[in-house]
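Undergrad: need coordinates for the following:
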Amino acid sequence: MKNFVKSLFLMLLGGVLVGGVLMATGAYAQLSPSESDTPDQPVVADATLSYPAVFGYQGQLLSPSTGKPVANGVYPMTFRLYTDGSTPNSFWGQPLSVQVTDGLFNVTLGAADGFAIPVEAFDGRDLFLGIQVSGDAEMTPRQPIRPVPYAMNSRFFNGKTTSDFVETKRGPVAYGIVKSDGGREKGYRFSSGRANTGTYEITVKDANDDNINYNLNDYVTVVTVVGSDLCTGGSYATSGSGGGKLFIDVFNSAGQRRDCKFHFMTFKP
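TA: Numbers count the residues shown, from 1 in each chain. As a prediction, this is how the structure comes out:
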């Protein structure tokens, strides 16, 4: 008996859910060289990303003669993926015994051992899902699943792999608030003190809390003087280095050193 499926397909990709409502009424083949990466080019996504390409497929199996759900029971179904809506050969397939209740069923495709979906298929091409129930012919037309390649393409960065990118670190090396007496009020990876009036000495730390050899030619530091009742009339700051430490000098508008609270951020270009 022929059946047809009213279905909702979902795909979970590293926490991203893609879905769409669809209607639908062989031999297996591997992806050809023109459809996949060449054999001597490893797919970086497989090595760097651990989650598999898995479909969560939900559907309703209806009788074409009555339009009503088929009888409850376990139905043999085969799901196949194609790169074309009419090609006779699929590049992936999985047979399942599916529990159907009130016509409704829910399957996970690609998760079982031996039925992994080749991740290189999801490089931006259109894919089509074919469904065969019991001894019926595969339902037609095949269901295009165009939203999925766009989600899976996040593995390939629109045709690129992780080897095409260079890691960059744009955050500050150290930052914080230093009180007028040189004490550290709050911040990240530094200790501070006041060497003389208006002169502050800052030791920048690394992730292991070890001292960094600070040199003004290797780092950029931005300083903002905080106005207060004890620091009025306009102030500015300069930065320098010596002995592997960051020095910040605060001046009043007349160019005289003064004690003031300040904020700072240090970056490494």
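Undergrad: which residues touch the helix or strand containing Gly240?
TA: If you go by DSSP states H and E, Gly240 is part of strand 235-242. With C-beta atoms under 8 Å, 6 or more residues apart in numbering as the test, strand 235-242 has contacts from 214-216, 221, 223-225, 227, 246-253, 258, 260, 262, 264. Glycine gets a C-beta too; all of them are placed from N, C-alpha and C.
Undergrad: what do you get if the cut-off is 7 Å, keeping everything else the same?
TA: 214-216, 221, 223, 225, 246-252, 258, 260, 262 (C-beta atoms under 7 Å, 6 or more residues apart in numbering).
Undergrad: quick one: buried ones out of the residues you listed?
TA: 214, 221, 223, 225, 246-252, 258, 260, 262 (16 or more other C-beta atoms under 10 Å).
Undergrad: among those residues, show me the least confident.
TA: Note: of these, the lowest pLDDT belongs to Asn252, at 88.
Undergrad: got the contact list for that one?
TA: Contacts of Asn252 (C-beta under 7 Å, 6+ apart): Gly233, Gly234, Ser235, Arg258.
Undergrad: distance of Ile177 from Val100?
TA: Distance of Ile177 to Val100, given as C-beta to C-beta, to the nearest Å: 65 Å.
Undergrad: and if you look at Phe122?
TA: 29 Å.
Undergrad: quick check: phi and psi at Ala121.
TA: With angles defined as degrees, to the nearest 10, Ala121 sits at phi -70, psi -30.
Undergrad: got the buried residues for stretch 62-69?
TA: Leu62, Pro69.
Undergrad: now it: average pLDDT?
TA: On average, stretch 62-69 scores 86.
Undergrad: one more: stretch 115-126?
TA: 80.
Undergrad: and the end-to-end length of stretch 260-269?
TA: End-to-end distance for stretch 260-269: 28 Å, by C-alpha to C-alpha, to the nearest Å.
Undergrad: on that earlier part again, need the max-distance pair from the contacts of strand 235-242.
TA: Asn215 and Asn252 (28.0 Å; C-beta to C-beta).
Undergrad: before we move on, the earlier item: just send the buried ones among the contacts of strand 235-242 back as a markdown table, with secondary structure too.
TA: A markdown table is the format used below for those (DSSP: H, G, I helix; E, B strand; the rest coil):
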| residue | secondary structure |
| --- | --- |
| Tyr214 | coil |
| Thr221 | strand |
| Val223 | strand |
| Val225 | strand |
| Leu246 | strand |
| Phe247 | strand |
| Ile248 | strand |
| Asp249 | strand |
| Val250 | strand |
| Phe251 | strand |
| Asn252 | strand |
| Arg258 | coil |
| Cys260 | coil |
| Phe262 | strand |
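Undergrad: of those, just say which sits nearest to Glu201.
TA: Phe247 (5.9 Å).
Undergrad: surely the closest one and Thr199 touch.
TA: Yes: with contact defined as C-beta atoms under 7 Å, Phe247 counts as touching Thr199 (6.5 Å).
Undergrad: need the strands for the stretch 151-269 of the chain, in chain order.
TA: 174-178, 184-188, 190-196, 199-204, 220-225, 235-242, 245-252, 262-267 (DSSP state E, counting those that start in this stretch).
Undergrad: so what does the last one touch, helix or strand wise?
TA: The one in question is strand 262-267. strand 174-178, strand 220-225, strand 245-252 (3 or more C-beta pairs under 7 Å, 6 or more residues apart in numbering; DSSP states H and E).
Undergrad: with just CA atoms, put the last one into PDB.
TA: It stands for strand 245-252. Coordinates of each C-alpha in strand 245-252 appear next as PDB, following Å, rounded to 0.1, in the frame of the first residue of the first chain:
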ATOM      1  CA  LYS A 245      57.400  47.600  34.400                       C
ATOM      2  CA  LEU A 246      54.800  50.100  33.100                       C
ATOM      3  CA  PHE A 247      55.200  53.600  34.500                       C
ATOM      4  CA  ILE A 248      52.300  56.100  34.500                       C
ATOM      5  CA  ASP A 249      52.900  59.800  35.300                       C
ATOM      6  CA  VAL A 250      49.900  62.100  36.100                       C
ATOM      7  CA  PHE A 251      50.200  65.900  35.700                       C
ATOM      8  CA  ASN A 252      48.000  68.900  36.400                       C
END
